[in-house]
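S.K.: Attaching a predicted model along with its sequence, questions to come.
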Amino acid sequence: MIAVVIPSYRVKRHVLGVIEGMPSIVSRIYVVDDCCPEQSGLFVQAHCTDGRVRVIFHTQNQGVGGATLSGYKAAYEEGAKVVVKVDGDGQMDPALIPHFVEPILAGQADYTKGNRFFDPRYLAVMPRIRLFGNLVLSFVSKLSSGYWDVMDPTNGYTALAAQMYPLLSAERIERRYFFESDMLFRLGLAQAVVRDVPMRPVYGDETSSLSIRKTALEFPLKHLSRFCKRVAYQYFVRDFSIGSIQLVAGLALLLFGLGFGLYKWYQLSGVAPATAGTVMLAGLPVIVGVQSLLSAIQFDILRIPRIPVHPRLVRWQQQAPTPAAEHVA
């Protein structure tokens, strides 16, 4: 079963059109009324005749992440194979849904997401401030999530293999605008395979409620937090590899070289020129440290998950003995 989740908050004008555009491969549509002041959930119930639609109501606003997770949970419990998240503002073409679910159904990916940067021709319609912001966020997200081969991390057009839902620690995922980036972080911890799906950016007459100033202040700290957690877990808890050694040695050498160099510069400033030995003792650890950190990044890139997780979960579930079989044994 293919399910679609539509977070619904201030999209009353567009949500029926989004539902009408759903292709026939979609078996269930979850419209999540995220405590919408326009009562969009009641509006859908009153005016939508599509039998695939089920409306979920939130008594408190939880943000786009909270609404999406409610849809994920409902789809997983009803036995969906793939859950697609489509915004209700009409800026995501439902006709692309087959392209998002195909890699998952084929066992080639656990999670697919839109990429508005794939075709340079599409960038002409993207506002310059959004283009610059997304490019910066894409690089930062690569560091925090470990997915060096994906772009456009804030793209909300996504599809998830439903079997992955229990592995995501849904109660810990960011509920609001950091949701898409936090999803990549959680998927990285689960070693899920993520694949980009090219799509054209569309901008309507909606005004984004995402504050650029708030994003600039909050997102870097959240990405730094996820980066530290990911490195600690993947390189020092789950595993200890040559990348772990390169990271520790690189940081130690770089900090020593910078600290020693600054100390000597302060100590000898205006007194005497630094000797060749002092310069080498400060400069060489910096050079070797930077090289070691670059090698650690290269090692991290090579660790990008390549084998999807959810096909193995399905096989394990099929091979697991039933309670009756266990009793007989």
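M.R.: Yep, it's here.
S.K.: in what helix or strand does S225 lie?
M.R.: Secondary-structure element containing S225, defined by DSSP states H and E: helix 212-232.
S.K.: which helices and strands does that helix pack with?
M.R.: Contact here means 3 or more CB pairs under 8 Å, 6 or more residues apart in numbering; DSSP states H and E; on that basis helix 212-232 packs against helix 128-145, helix 179-189. All C-beta atoms are positioned from the backbone trio N, CA, C, and that covers glycine.
S.K.: taking those together, which one is wrapped up most tightly?
M.R.: For these, the largest average neighbour count (mean count of other CB atoms under 10 Å) is found in helix 179-189, namely a mean of 22.
S.K.: I'd like to know which elements it is packed against.
M.R.: Counting contacts by 3+ CB pairs under 8 Å, 6+ apart, helix 179-189 packs against helix 63-77, strand 111-115, helix 128-145, helix 212-232.
S.K.: if you set the cut-off to 6 Å instead, what comes out?
M.R.: Packing contacts for helix 179-189, counted by 3 or more CB pairs under 6 Å, 6 or more residues apart in numbering; DSSP states H and E, involve helix 128-145.
S.K.: what sits up against the helix it packs on?
M.R.: With CB atoms under 6 Å, 6 or more residues apart in numbering as the test, helix 128-145 has contacts from 148, 151, 153, 181, 184-185, 188, 223, 226-227.
S.K.: what's the closest of these to L96?
M.R.: M151 (16.7 Å; CB to CB).
S.K.: What lies in contact with stretch 155-162?
M.R.: Residues from elsewhere that reach stretch 155-162, judged by CB under 6 Å, 6+ apart: 75-76, 80-85, 87, 92, 100-101, 104, 110-114, 180, 310.
S.K.: Which of these are buried? Put it as a PyMOL command.
M.R.: To isolate the buried members of these in PyMOL, using 16 or more other CB atoms under 10 Å:
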select buried, resi 75+76+80+81+82+83+84+85+87+92+100+101+104+110+111+112+113+114+180+310
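S.K.: Which helix or which strand is home to V279?
M.R.: V279 belongs to helix 276-302, assigned by DSSP H and E.
S.K.: What residues of that helix count as buried?
M.R.: 278, 281-282, 285-286, 289, 292-293, 295-297, 299-300.
S.K.: what's the answer for stretch 230-249, then?
M.R.: The neighbour-count check on stretch 230-249 (16+ other CB under 10 Å) flags 230-231, 234-235, 243-244, 246-247, 249 as buried.
S.K.: and what of stretch 25-41?
M.R.: Those would be 26-36, 40-41, for stretch 25-41 by 16+ other CB under 10 Å.
S.K.: pLDDT of that stretch, averaged?
M.R.: Averaged over stretch 25-41, pLDDT sits at 95.
S.K.: now it, how far from the centre of its chain.
M.R.: 22 Å (CA atoms, centre = their mean, to the nearest Å).
S.K.: And for it, what's in contact with it?
M.R.: Applying CB under 6 Å, 6+ apart, the contact partners of stretch 25-41 are 1-10, 12, 15, 44, 52-58, 60-62, 67, 70-71, 74.
S.K.: Now list the buried members of those.
M.R.: 2-10, 12, 15, 44, 53-58, 62, 67, 70-71, 74.
S.K.: In helices only, show me those.
M.R.: Counting by DSSP state H, the buried ones among the contacts of stretch 25-41 place 15, 44, 67, 70-71, 74 in helices.
S.K.: low pLDDT regions in the stretch 151-300 of the chain?
M.R.: Along the stretch 151-300 of the chain, the parts satisfying pLDDT under 70 run over 203-216, 270.
S.K.: before we move on, back to that, list the buried ones in the helix holding S225?
M.R.: Buried, per 16+ other CB under 10 Å, within helix 212-232: 219, 222-223, 226-227, 230-231.
S.K.: For the next helix or strand after that helix, could you pull out the residues that count as buried?
M.R.: Next along the chain after helix 212-232, taking DSSP H and E as the criterion, comes helix 242-268. Using 16+ other CB under 10 Å as the test for burial, helix 242-268 gives 243-244, 246-247, 249-250, 253-254, 257, 260-261, 264.
S.K.: residues in contact with the spatially most central residue of the chain?
M.R.: Taking CA atoms, centre = their mean, the centroid of the chain lies closest to L184, which sits 2.6 Å from it. Taking CB under 6 Å, 6+ apart, we find L184 in contact with 145, 147, 153.
S.K.: can you tell me how far it sits from K73?
M.R.: Distance of L184 to K73, given as CB to CB, to the nearest Å: 20 Å.
S.K.: circling back to that earlier point, buried sites along the helix or strand following the helix holding V279?
M.R.: Using DSSP H and E, the helix or strand that follows helix 276-302 in sequence is helix 310-319. Neighbour-count burial for helix 310-319, counted by 16+ other CB under 10 Å, picks out 310-311, 313.
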